[in-house]
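Trainee: Fold the following.
(2 chains)
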Amino acid sequence: TQLLEQSPQFLSIQEGENLTVYCNSSSVFSSLQWYRQEPGEGPVLLVTVVTGGEVKKLKRLTFQFGDARKDSSLHITAAQPGDTGLYLCAGEKSNTGKLIFGQGTTLQVKP
Amino acid sequence: NAGVTQTPKFQVLKTGQSMTLQCAQDMNHNSMYWYRQDPGMGLRLIYYSASEGTTDKGEVPNGYNVSRLNKREFSLRLESAAPSQTSVYFCASRYVRSEQFFGPGTRLTVL
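Mentor: This is a model prediction of the structure:
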């Protein structure tokens, strides 16, 4: 049973386009993390959101945590080929350190 | 400062063989984790160790055992490998309530 549904699973866009990745659950999380993973490497943390309604920006990436702390989104503005990779959301329950990952979104940005 | 290291990087086993995946971190982190990553499934937690001397099951523990040898090292053992255990295995560590740092992964094929 996938507790964290991530969509879309695949996305192929042209350089300069905008995109949004969604992460949804029926469970409440104490925090929601977004990771990026390159081929042959482990995931690397991009951001952690903790408070319901929180919005964090990292250059062209905007992360939002839902008011009820059950869902999150990642928006990329003016995507570049360097944004290509696998994006993973992960929810932590009750500050246990145990993460539940979404299925991942494979993003390809074509020049 | 090497972060999280994993050995081996690649391994091919025959059904029924056993092996141990090694993980070490030099960041003085309290908690360590073992995940497996399969296509379309994201990462799933196998076992974790909240602190030295303790281990606990994650989402998919069947067929695996772990040992928290000391604060630095956390090993994962497959006693009798099965083709369903073909996967990429990641070790991660974290300090108290901080991000998880992932190793580069071990790519395991069971024939």
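
Trainee: make it CA atoms for all contacts and neighbour counts henceforth
Mentor: Will do.

Trainee: Contacts only, for residue A:82.
Mentor: Residues near residue A:82 by Cα atoms under 8 Å, 6 or more residues apart in numbering or on different chains: residue A:109.

Trainee: again, 10 Å this time
Mentor: Taking Cα atoms under 10 Å, 6 or more residues apart in numbering or on different chains, we find residue A:82 in contact with A:15, A:108-111.

Trainee: How about residue B:56?
Mentor: Residue B:56 makes contacts with B:33, B:46-50, B:66, as judged by Cα under 10 Å, 6+ apart.

Trainee: hmm, 7 Å instead?
Mentor: Residues counted as contacts of residue B:56 (Cα atoms under 7 Å, 6 or more residues apart in numbering or on different chains) are B:47-49.

Trainee: cool, and residue A:22?
Mentor: A:6-7, A:72-74.

Trainee: Beyond the least confident helix or strand in chain A by mean pLDDT, next helix or strand please.
Mentor: Counting by mean pLDDT, DSSP states H and E, chain A has its least confident helix or strand at strand A:99-101, which shows a mean of 92. Heading C-terminal from strand A:99-101, the first helix or strand you meet, by DSSP states H and E, is strand A:105-110.

Trainee: For the residue nearest the centre of chain B, what is the enclosing helix or strand?
Mentor: By Cα atoms, centre = their mean, the mean C-alpha position of chain B lies nearest to residue B:34, the distance being 3.1 Å. Assigned by DSSP H and E, residue B:34 belongs to strand B:31-38.

Trainee: now that strand: how far from the chain's centre is it?
Mentor: Distance of strand B:31-38 from its chain centroid, counting by Cα atoms, centre = their mean, to the nearest Å, is 5 Å.

Trainee: And stretch B:16-23, by the same measure?
Mentor: 10 Å.

Trainee: among the contacts of residue B:56, which are in strands?
Mentor: Per DSSP state E, strands hold the following members of the contacts of residue B:56: B:47-49.

Trainee: Nearest to chain A among those?
Mentor: Within the ones in strands among the contacts of residue B:56, proximity to chain A (Cα to the nearest Cα) peaks at residue B:48, which comes in at 7.9 Å.

Trainee: Give the burial count for the residue of chain B found nearest chain A, as a bare number.
Mentor: Here chain B gets closest to chain A at one residue, residue B:42, 4.0 Å apart by Cα to the nearest Cα. For residue B:42, the count of nearby residues is 23 (other Cα atoms under 10 Å in any protein chain shown).

Trainee: returning to that earlier point: may I ask which of the ones in strands among the contacts of residue B:56 has the most neighbours?
Mentor: In terms of neighbours by other Cα under 10 Å, these top out with residue B:48 at 26 neighbours.

Trainee: I figured that one hits residue B:55, correct?
Mentor: Yes. Between residue B:48 and residue B:55 there is a contact under Cα atoms under 7 Å: 5.7 Å.

Trainee: which parts of chain B sit against chain A?
Mentor: B:40-44, B:90, B:97, B:102-105 (Cα under 7 Å from any Cα of the partner chain).

Trainee: So, low pLDDT: which residues of chain A?
Mentor: A:1-2 (pLDDT under 70).

Trainee: Report the separation between residue A:37 and chain B.
Mentor: Per Cα to the nearest Cα, to the nearest Å, residue A:37 is found 10 Å from chain B.
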